[in-house]
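**Student:** Test case, fold it:
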Amino acid sequence: MDLLVVLVVAVLVVVAVTSVAPRVGVAAPLLLVLVGIGVSFLPFVPPIEVEPELVLGVILPPLLYSSAANMPAMDFRRDLRTISVFSVLLVAASALVVGVVLHALLPDIGLATAVAVGAVVSPTDAVATSIVRKAGVSPRIVTVLEGESLLNDASALVLLRSAVVATAATVSVVEVAGDFVLAVVIAVAVGWVVGRVQLAVRARLALPQANVAISLVAPFVAYLPAEHLEASGLVAAVTAGLVTGHGGARYLRAEDRASQRAVWRTLELLLESAVFLLMGLEVSGLVLDVREAHGSELLALGLGALTAAVVVAVRAVFVTASVWGLARRSRRIPELRDVLARAEHRLAHGPDRPGVPAPEAERRRRLLRRRVRRKRADIDYFTAEAFGPREGVVLVWAGMRGAVTLAAAQSLPSGTPQRSLLVLVAFVVAAGTLLVQGGTLPWVVRRLGLTDRPGDDGAERAALTAELRQAALRRLDDGPRRRDGTPFPNAVVEGARRELATIDAAGTDDEDASTRADLQHLLLVLLDAQRDELLRLRDLGTYSSKALDQALVRVDAAQIGVQMRAAEDG
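**Tutor:** Sure, this is the predicted structure:
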């Protein structure tokens, strides 16, 4: 009963804080941390210590899965190189630099333990990037930060595990690298299989509630076997989410995706809020532990502030180098455009390779034209969303730590020298970066002038709508047929042409039941054609992910409307 009361109160606190936060102009996660800290020091609240497995194995898998499922796979692919540098090399560099600094200040803990603490504070937090999304920065910045935070947990946890082992035995760099590669490869394989299997299963379920239920357990189905194989369960959950997000529109019905969105948004709100609330609630217990061991928490505060400064400085070096490298690559864009133009000309006017049958030659031409068009779209994206010094500042300042850091710190073995001090240092880094950087990030973005971005691109939306209309018209011209194989009457076809402008009426009341049923069926066929066109355009990357997602939501809503009207006509 006591646990039930606590859960009810926690949900009410989350609702209250998330409702008040927009009015006071402060991000809800920051307020939740402050509320948790305040509650933790109330005299009737006992010290709270959250088991690391609750965060790493229960809360984070569904959150990372959901973030990955909502991430545009097209944009993730485009910036995979930058994301990989930040999620692997930056984590390793941060862990080593922090380890050297802490070992110099606390030589009795040993270098291996110091590097373990460096691994704890090195990964950015996926949950904390919710603050970034609301700051009004460009979608590319959000993609890089989210992609980094989704993948860097594996690097940090492998380093942490290796550093802990190194406190009692010798560990080589080759062994650490091998452990990391093996952990990631196994996790990706497990996550890919889980993602594909759950899509296949959900595609065959008729009940939307059962469909959503499968999605709720999918993160854990990926996480648990990966952890059992000593791989990264979090990377497995992320991979399953990426597979699900990319294939959902192709395999799942519109009503299933709509139900899933509603359920998962509620779950995300509760889990994200729980993470920040728990961080605050643990403060008093951490402070008491340090006071008992060292008499004062001032040393931990000082070391935490210094460690936070070190990780920000290392991040600044990496971001500066990455922005410089991207700028250098962008100078080749005019040359690449010329190469692509010549390739398009050869595909359009060049002769076929001798000895290749005409159908095979045409298939190869289509494949090459698709690759050229995708490459051109990538270049247009990099040009429109180019990173410069201002974007670099945001990438540095948005690298906040969070619950992963605190949970990883609490997983340090009980025999670790000065463990309570090191755990509090990790908390200071996590809470400090979250409150200081997260609290000032909107101001930094405004000062840099990065919020003055256009909202919906009307021209892009109009062009995309026109392409979808043409896809539906082409489907009409192909002569779609009823379920029994007979052609639709001309009156129904012409009615569908008229309703293509809005696709929401699904027939008028003055039509007879048979005509309405035919029209509803035909509109569903045309909506399927539009969805197929959206998926084709998504693979090409010729439109922004935002425009494609909005168009898919409109098509889904139209399809659900037609189906509801058909059910009413029954």
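
**Student:** chain center to stretch 68-75: distance?
**Tutor:** How far stretch 68-75 lies from its chain's middle: 6 Å, per CA atoms, centre = their mean, to the nearest Å.

**Student:** Now it: average pLDDT?
**Tutor:** The average pLDDT within stretch 68-75 is 89.

**Student:** Residues contacting it, please?
**Tutor:** Stretch 68-75 has contacts (CB atoms under 8 Å, 6 or more residues apart in numbering) with 139-140, 143, 146-147, 150, 237-242, 244-246, 248, 381, 538-539, 541, 545, 548-549. Where you see a C-beta, it was placed from the backbone N, CA and C, and this is true even at glycine.

**Student:** Can you say which of the residues you listed are buried?
**Tutor:** Among those, those scoring as buried are 139-140, 143, 146-147, 150, 237-242, 244-246, 248, 381, 538, 541, 545, 548 (criterion: 16 or more other CB atoms under 10 Å).

**Student:** Restricted to helices, list those residues.
**Tutor:** If you go by DSSP state H, the buried ones among the contacts of stretch 68-75 have 139-140, 143, 146-147, 150, 237-242, 244-246, 248, 381, 538, 545, 548 in helices.

**Student:** in this protein, which segments are predicted with low confidence?
**Tutor:** 1, 127, 168-173, 294-295, 350-353, 355-356, 358, 452-457, 499-514, 569-570 (pLDDT under 70).

**Student:** Mind naming the longest helix for it?
**Tutor:** In the chain, taking DSSP H as the definition, the longest helix is helix 298-330.

**Student:** Show me where the stretch 151-300 of the chain has its strands.
**Tutor:** In the stretch 151-300 of the chain, no strands are defined using DSSP state E, counting those that start in this stretch.

**Student:** show me where it has helices.
**Tutor:** Listed in chain order, the helices of the stretch 151-300 of the chain (DSSP state H, counting those that start in this stretch) span 173-202, 208-228, 233-251, 254-281, 283-294, 298-330.

**Student:** and the fourth one, what other elements does it pack with?
**Tutor:** Using 3 or more CB pairs under 8 Å, 6 or more residues apart in numbering; DSSP states H and E as the contact criterion, the secondary-structure elements in contact with helix 254-281 are helix 2-24, helix 28-40, helix 60-70, helix 208-228, helix 233-251, helix 403-410, helix 419-432, helix 545-569.

**Student:** Over to the second one?
**Tutor:** Judged by 3+ CB pairs under 8 Å, 6+ apart, the packing partners of helix 208-228 are helix 60-70, helix 173-202, helix 233-251, helix 254-281.

**Student:** May I see the buried residues of the next helix or strand after the shortest one?
**Tutor:** I take that to be helix 60-70. Counting by DSSP states H and E, the next helix or strand C-terminal to helix 60-70 is helix 73-78. Neighbour-count burial for helix 73-78 flags A73, M74, D75, F76, R78 (criterion: 16+ other CB under 10 Å).

**Student:** repeat for stretch 178-185
**Tutor:** D179, F180, A183, V184.

**Student:** I'd guessed the second one sits against S155; true?
**Tutor:** Yes. Applying CB atoms under 8 Å as the test, F180 and S155 come out as touching, 6.5 Å apart.

**Student:** Show me whatever sits in contact with both of the two.
**Tutor:** Common neighbours of F180 and S155 (criterion: CB under 8 Å, 6+ apart): V88.

**Student:** Might you report the residue contacts of the closest residue to S232 other than its chain neighbours?
**Tutor:** Closest residue to S232 apart from its sequence neighbours, by CB to CB, 6 or more residues apart in numbering: A154 at 3.8 Å. Counting by CB under 8 Å, 6+ apart, A154 touches S87, F180, A183, V184, A187, S232, L234, V235.

**Student:** State the distance from A154 to A187.
**Tutor:** Separation of A154 from A187 (CB to CB, to the nearest Å) stands at 7 Å.

**Student:** Now do the same contact list for V50.
**Tutor:** L278, L281, E282, A407, Q410.

**Student:** now these as a markdown table including neighbour count and distance to W192?
**Tutor:** Converted to a markdown table, those look like this (neighbours: other CB atoms under 10 Å; distance: CB to CB, whole Å):
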| residue | neighbour count | distance to W192 |
| --- | --- | --- |
| L278 | 21 | 31 |
| L281 | 23 | 37 |
| E282 | 24 | 35 |
| A407 | 25 | 26 |
| Q410 | 21 | 31 |
